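K.L.:
coordinates only, no sequence provided:
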């Protein structure tokens, strides 16, 4: 059984970004979105106007917290060969309700990709708007970077992370 990463949040978190479960590169590094072809960090860099990819990982997380962004995954643990969401077996969900209860400034939740979005029935009952965003995974190449950026911008704007 593989075990995921802890949440990255603060009392100022306005938008919680939820992935499904870290890929092999992320688990090895102990870092969210560590695969070099994942567009998560370049996408947020474009939206926030700061090159997060140039920063050390702890500073990236600090910048996200300062901007009101939080990170976590819908699954706490699972069995999986490789990194594809389609290979996830026996997933154990994270306690999203407990996390959200401790985020007084939360204005929304955004699911990064379709596997994460399977939990929208859970997040939809937590009292804040919920978005299903296109995946930043290199396996999801059907959308251009610009199209993904525009979709993500809607959620970040609505939660006052960006103007």
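P.N.:
Good, I have the coordinates. Everything numeric in this text was worked out from a predicted model, so none of it was measured.

K.L.:
longest single helix anywhere in the protein?
P.N.:
Among the segments of the chain that qualify as a helix by DSSP state H, the longest is helix 145-158.

K.L.:
list the contacts of the closest residue to residue 107 other than its chain neighbours.
P.N.:
Closest residue to residue 107 apart from its sequence neighbours, by C-beta to C-beta, 6 or more residues apart in numbering: residue 159 at 4.3 Å. C-beta here means a position set from N, CA and C on the backbone, and glycine is covered the same way. For residue 159, the contact set (C-beta atoms under 8 Å, 6 or more residues apart in numbering) comprises 14-15, 68, 107-108.

K.L.:
and which of those is nearest residue 138?
P.N.:
residue 15 (23.3 Å; C-beta to C-beta).

K.L.:
before we move on, the earlier item: need the pLDDT of the residue nearest to residue 107.
P.N.:
According to the prediction, residue 159 has pLDDT 97.

K.L.:
need the helices for the protein, in chain order.
P.N.:
Under DSSP H, the chain gives helices at 24-29, 40-48, 57-66, 96-101, 114-117, 120-123, 145-158.

K.L.:
same list, those, but as TSV with mean neighbour count please.
P.N.:
What follows is those, written out as TSV (neighbours: other C-beta atoms under 10 Å):
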stretch	mean neighbour count
helix 24-29	15
helix 40-48	20
helix 57-66	16
helix 96-101	15
helix 114-117	20
helix 120-123	17
helix 145-158	16
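
K.L.:
now tabulate those helices in JSON lines and tack on distance to residue 74.
P.N.:
Putting the helices of the chain into JSON lines (distance: least, C-beta to C-beta, whole Å) gives the following:
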{"stretch": "helix 24-29", "distance to residue 74": "15"}
{"stretch": "helix 40-48", "distance to residue 74": "15"}
{"stretch": "helix 57-66", "distance to residue 74": "18"}
{"stretch": "helix 96-101", "distance to residue 74": "7"}
{"stretch": "helix 114-117", "distance to residue 74": "5"}
{"stretch": "helix 120-123", "distance to residue 74": "8"}
{"stretch": "helix 145-158", "distance to residue 74": "16"}
